[in-house]
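Asker: Give me a 3D structure for the following:
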Amino acid sequence: MSIGPSAFPSTLNPKPLGMPSHRGKLLLFPVMGNASEMGMRVIARNKLIAFWARHPTTEASLRHWHEVAEAAAWQSPLDVVADFSKAKSLNGERVRFEVAGGDYRMVVAFDWKRSIAFIKFVGTHAEYDKIDALTVSLF
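Answerer: Numbers count the residues shown, from 1 in each chain. Modelled structure (predicted):
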């Protein structure tokens, strides 16, 4: 006679402890080293959601950008432009993205070493023309 988990009442069966995970991937050990191996951490995602709620035509573009960014191992503006050909590097840390065919703009500041993307501005093309993309920090 074999004794397996079914031989014990369910109250005695230990429930699996929560395993560490990152973005739905099971981690068997703590993550150390280069954070870019896991993709970019996007700061101010809630601002993207609020923006596409007000401007529904931007939702698909902003969702796509967010999914690509979270999976990306970007180390420089050149890596970003390789994934988004219409993106423009503004300096060593800021990149401007065209959203929804260029009717809207997004400015993101990157911390390459920590693999963090800080959304600094999302707005219409006309609103973008009124800001200084190198210093803007609306969120």
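
Asker: This protein: strands as residue ranges?
Answerer: 21-22, 25-26, 41-43, 88-89, 94-99, 104-111, 116-124 (DSSP state E).

Asker: partners of the longest one, with directions?
Answerer: Same thing as strand 116-124. According to DSSP bridges, strand 116-124 has the following sheet partners: strand 41-43 (parallel), strand 104-111 (antiparallel).

Asker: And it, how far out from the chain middle?
Answerer: 11 Å (CA atoms, centre = their mean, to the nearest Å).

Asker: for the third one, same thing?
Answerer: The gap between the average C-alpha position of strand 41-43 and the chain average comes to 5 Å, counting by CA atoms, centre = their mean.

Asker: distance between the longest helix along the chain and the chain's centre?
Answerer: Across the chain, the longest stretch assigned as helix under DSSP state H is helix 59-71. Centroid separation for helix 59-71 versus its chain: 7 Å, with CA atoms, centre = their mean.

Asker: Kindly report the same for stretch 79-99.
Answerer: That offset, for stretch 79-99, works out to 15 Å (CA atoms, centre = their mean).

Asker: Check the average confidence over it, would you?
Answerer: Looking at stretch 79-99 alone, the average pLDDT works out to 97.

Asker: Tell me which residues touch Ala131, please.
Answerer: For residue 131 the amino acid is Ile, not Ala. By CB atoms under 8 Å, 6 or more residues apart in numbering, the residues touching Ile131 are Val107, Phe121, Gly123. All C-beta atoms are positioned from the backbone trio N, CA, C, and that covers glycine.
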